[in-house]
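Chemist: Sequence and predicted structure below; questions after.
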Amino acid sequence: MIHVLDGGLSTTVQDDGRFGHYHIGMPPSGAMDQYSHAVANYLVGNDTGHATLEMTYKGCDLRFEEDTVIALAGATMAGELAGEPVPMWESVDVSAGDELSMQFATEGARTYLAVAGGVDVAPVMGSRSTYTLVGIGGHEGRPLEEGDTLAVGDADTGGLAGRRAPRNAIPSYDDSEPIRVVLGLCDYRLTDESREELCSEPWTVDADADRVGYRLNGVDIEFEPREQPFGAGTDPSNVVDLGYPVGSIQVSTLPIVLMRDAVTGGGYATVGTVVSSDRNLLGQRRTHEEVYFESVTVDEALDARQEEQALLEEVRESFA
Amino acid sequence: MSAERITPTELPEPRYEHGADDYVFVELSEEMSFDANFQAMAITQQIRERDIPGVDEICPANASYLLHFDPDEIAPTALVDELKQIAAETDLSEYEWDTRVIDVPVLYQDEWTHETLMRFRDNHQDPDATDLEYSARINGYETAQDFIDAHAGAPHMVTMVGFVPGLPWCFQMVPESRQIEVPKYVQPRTDTPSRAVGFGGAFTAIYPVQGAGGYQLYGRTPVEVLDVDQELADFEESMVLPNPGDILNFRQIDREEYDAIREGVEDGSYRYTMEEVAFSPEEFFADPDGYNERLVEVLY
């Protein structure tokens, strides 16, 4: 059992997502940075389906009621466990009664706390992920608050502590690194100039960026004028309402990249999709940081995915 | 009843687009039509039946569809090839599907959406009229009630569900000459009551929960489209009631009936009036008014 002493800024229970219900408007939810979620889980002997705590910008304070093993991965966040600094990307022993106190993230936006056996909340529609908009999953469908208690799944914790992620598996959250995008969907609606600017101009993360979408500030995007088709609505950015991929860039005048709690569809033109591996990195971008998009092909997107999977496999095997 | 037919629309070649490495988006038409939607419905049903390994989200939309898949199980190009093959083998003229006709009582011109729309007059193209008066005028109806009679006068098909869980986009089952078309608010509202019935583009929407919105507001239904706790009997299998392909019949009710139904919803005793039917696009196109009459008859 874990007692929440302070929920932090926004801490939610997340896993690898709730799939199969997008057609009724249910987004996958799950960890915004699936890579760090996976590494944190591997460090404590879990698999990626186990639930972790996603701590946003400022972490939570917890008291553990039983001996266990935990690990932190993702955004760099200082913390103390029983008065001692807790290392990141490493599994550590926890004794019953220990208190963990987390500070502000200094690099990246989201830190994942994994506990051996996983955070054991009741699955909803096949997932433990929290989706706060309608209040389902996780702990009562909402961010953690002081006084909450969380159950932990059964696990054999013998010999787990002291695992370290290989150095090359620890990402940098440098905001000059481009976010790769496959242009397409409805990008025919953009003027040539706007299509070019999308991948050459700098964008900055708006203060409203959250789990639903990352709103970006930058130059105004413009659309090719046309006589609007029946049912599309009158604004040149409007299309007949369609499904939005998670990671897709939806545009009215400024772009919004849809994230894990995405609105699943609507009537704004989508003009491209962030490749799956870089959605994890985008989820670590902080308010006011920069975003550069780089246009890639589907094959390059597949290569990026494979590269990330190979790295995760290397992490997993290094503990075998 | 007029013997008006719906003439099938010739659809363009579909556009197969990759959403990065793990989504495929297929646009069947840039404009809304029954053909585009029925095509989306028929193809996604075929995809579901084929149970293609790796495909875990199958989402029909108004005039397009979207799939999510695991590229480790099926390559994006192989999936597109399979979709093209399914499209070639799907012939709408011999297609029929099982769906539901559902009674959706609506209190038009209710006090809650009225209060909201008055609060946001500055966001509207016509600040001196209500949303209903404005919509009636630009669609050539003399009074708001004439417009309501048209809106509630023929059933609507759920052509897409999404944005948030349970929100249905509904396209009225009448020939294009009688379709209502209304722009969205100039600036979206920051507030909309839950269960509000709104209209934007060519679509009616029911807002499952309170929140932002840009559709013209016409009324409020006492019944739920989303029941997260699944307390109502009709939500036993899913927390969302409307599914793509369902047929909703908006029925104008008065305040007394609204309150009575709402009481039943709140104490958990309310049951939707709904019936299963087989839907045939061909028969519907041949005589929409007659077909609609038979569809709605099963309810009352």
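Modeler: Received, thanks. Numbering: from 1, shown residues only, chains lettered A, B, ... in the order given.
Chemist: Give me the number of neighbouring residues for the residue nearest to residue B:230 when sequence neighbours are not counted.
Modeler: Of all residues not flanking residue B:230 in the chain, residue B:239 sits nearest, at 5.4 Å (Cβ to Cβ, 6 or more residues apart in numbering or on different chains). For every residue, glycine as well, the C-beta is placed using N, CA and C. Residues lying near residue B:239 (other Cβ atoms under 10 Å in any protein chain shown) number 24.
Chemist: ok, now residue A:126?
Modeler: So residue A:126, with other Cβ under 10 Å, has 13 neighbours.
Chemist: Work out for me the element the residue of the stretch 51-200 of chain B found nearest chain A sits within.
Modeler: Across the stretch 51-200 of chain B, no residue is closer to chain A than residue B:66, which sits at 3.3 Å (Cβ to the nearest Cβ). Element membership of residue B:66 [criterion: DSSP states H and E] is strand B:64-69.
Chemist: partners of that strand in the sheet?
Modeler: As defined by DSSP bridges, the strand partners of strand B:64-69 come to strand B:23-27 (antiparallel), strand B:55-60 (antiparallel).
Chemist: can you give me the mean pLDDT across the last one?
Modeler: Translated: strand B:55-60. In this model, strand B:55-60 has an average pLDDT of 98.
Chemist: For that strand, which outside residues touch it?
Modeler: Contacting residues not belonging to strand B:55-60 are listed as A:19-20, A:22-23, A:243, A:264-265, B:37, B:40-41, B:43-44, B:47-48, B:65-70, B:74, B:79, B:159-160, B:162, B:244-245 [Cβ atoms under 8 Å, 6 or more residues apart in numbering or on different chains].
Chemist: how about it: buried residues?
Modeler: By 16 or more other Cβ atoms under 10 Å in any protein chain shown, the buried positions in strand B:55-60 come out as B:55, B:56, B:57, B:58, B:59, B:60.
Chemist: Could you identify the most distant pair in these?
Modeler: B:56 and B:60 (15.3 Å; Cβ to Cβ).
Chemist: could you point out which element follows the helix or strand residue A:279 falls within?
Modeler: Assigned by DSSP H and E, residue A:279 falls within helix A:276-282. Using DSSP H and E, the helix or strand that directly follows helix A:276-282 along the chain is strand A:290-291.
Chemist: Minimum distance to chain B, which residue of the stretch 201-320 of chain A gives it?
Modeler: Among residues of the stretch 201-320 of chain A, the one nearest chain B by Cβ to the nearest Cβ turns out to be residue A:231. It sits 2.9 Å away.
Chemist: Please name the nearest non-neighbouring residue to the residue in the stretch 1-150 of chain B that chain A sits nearest to.
Modeler: Residue of the stretch 1-150 of chain B nearest chain A, by Cβ to the nearest Cβ: residue B:32 (2.9 Å). Closest residue to residue B:32 apart from its sequence neighbours, by Cβ to Cβ, 6+ apart: residue A:231 at 2.9 Å.
Chemist: Run through the residues that contact residue 133.
Modeler: No chain specified, so I'll use chain A. Per Cβ under 8 Å, 6+ apart, neighbours of residue A:133: A:212, A:261, B:164, B:209.
Chemist: My question was about chain B, not that one.
Modeler: Counted by Cβ under 8 Å, 6+ apart, residue B:133 has contacts B:126, B:144.
Chemist: Could you do residue B:163 as well?
Modeler: Residue B:163 neighbours (Cβ under 8 Å, 6+ apart): A:25, A:263, A:264, A:265, A:266, B:205.
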